[in-house]
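[1] Need coordinates for the below:
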Amino acid sequence: MFLNNFNTPRLNKRSIAIVKDLYDQLTAGNAYPNFKLSFNDLDDGGSSSISLLNPTTRRCVVKYMFFSLHQEGNIENIAIYGANLHEFHQTINRSKNIFGFKVLDISIETQNTNEPFVDIYIEPYGVSDDVEIWDFETQVSMANLERVRKVLEKNKYGRKYRVIDFKMEFQGEQTYAAIIPESGAVVTPVVVGNETSFVATGDIPDEEFRLYYDSFGG
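    Prediction:
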C-alpha cells in the first residue's frame, strides 16, 4: 500500500540524511505515540519515506514520501498518503510549512493515481544551504496552537489566522510557535506557545480574547 509509482530522480545522500534526521527526531520525541514509525531510506523509485504504522496490525496509516524532481537529488516534493488528507491539506496550506520546509504549492491529487495524496512542492535549497528541520518542540507547539487558532476564528468579524514557527523568549519562557493574523498592516503574534503551554499576547483583539478566555482560561 502507498507504493512509489513515480519515476523520479534518486535522492542524494544529503537528502536521505535529512529525512533520516527527521525520522530520528519524531521517534525520539514520541511525536506519534499511537503509532509505530518506520523509515525507508531509498525505495525502488528513488524516494525516501516515513510511515506511521498501526502497532497491532502493522498496517500503514499515513506515509510521507520525499522526492527529488531533478538530477541534483535535493528534496523538492513531499507526498502524503493515507488517512485525513483534507486535514493535512488544510493545516499545511495555512502554515505554508511542512517539517520546516517552506511550501510553494499544495493540492490533493486524485487523477491518474491509484491512491489520492496530498501533493506538496517545497522551496528549493542549495548545496551550501542549511536545512533546518523543525525540532520536536516546534512540531508539538504548532499542533497545540492549531486548536487555539480554530477557536479564535469563531470571531464575529471573520478574521483569519495562521500558525507559524516562532522561536523567542516571551515572559521568561521559550516559545516555538505563534498565531498571527492572515492579513493586516502590522502582523504580530496574538498567541505564542511551546510544547507544554500557550498564552495570549497584548496584541490579541478583544473579541478573540473573549473566545480564548472562555475556552482556555486566562
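[2] domain ranges for the chain?
    Following automatic domain parsing, one finds the domains of the chain at 13-122, 136-216.
[3] Columns mean pLDDT on top of the ones you listed, output as JSON lines?
    Shown next, in JSON lines, are these (pLDDT from 0 to 100):
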{"stretch": "domain 13-122", "mean pLDDT": "89"}
{"stretch": "domain 136-216", "mean pLDDT": "89"}
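[4] The ones you listed into a markdown table, with extra columns for mean neighbour count?
    All C-beta spots, glycine's among them, are computed from the backbone N, C-alpha and C. Compiled in a markdown table, the domains of the chain are given as follows (neighbours: other CB atoms under 10 Å):
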| stretch | mean neighbour count |
| --- | --- |
| domain 13-122 | 16 |
| domain 136-216 | 17 |
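[5] Give me the distance from the helix or strand where Tyr176 lies to the chain's centre.
    Under the criterion of DSSP states H and E, Tyr176 resides in strand 173-181. Strand 173-181 sits 15 Å away from the centroid of its parent chain (CA atoms, centre = their mean, to the nearest Å).
[6] and it, what other elements does it pack with?
    Other elements packing on strand 173-181 under the criterion 3 or more CB pairs under 8 Å, 6 or more residues apart in numbering; DSSP states H and E are helix 136-152, strand 161-170, strand 191-193.
[7] on contacts alone, who are the packing partners of the shortest one?
    Meaning strand 191-193. On a contact count with 3+ CB pairs under 8 Å, 6+ apart, strand 191-193 meets helix 136-152, strand 161-170, strand 173-181, strand 198-200.
[8] Any idea which of those gets closest to Val103?
    Closest approach to Val103 among the helices and strands packed on strand 191-193 (CB to CB): strand 161-170, 11.8 Å.
[9] Look at Trp134 and say how many residues are nearby.
    20 (other CB atoms under 10 Å).
[10] Secondary structure class of it, three-state.
    State at Trp134, reduced to three classes by DSSP: H, G, I helix; E, B strand; the rest coil: coil.
[11] Give the residue farthest from the middle of this protein.
    In the chain, the residue that sits farthest from the middle, by CA atoms, centre = their mean, is Asp206; the gap is 29.2 Å.
[12] where does it sit relative to Asn155, distance-wise?
    10 Å (CB to CB, to the nearest Å).
[13] Can you check which residues contact both of these two?
    Listed contacts common to Asp206 and Asn155 are nil; contacts here mean CB atoms under 8 Å, 6 or more residues apart in numbering.
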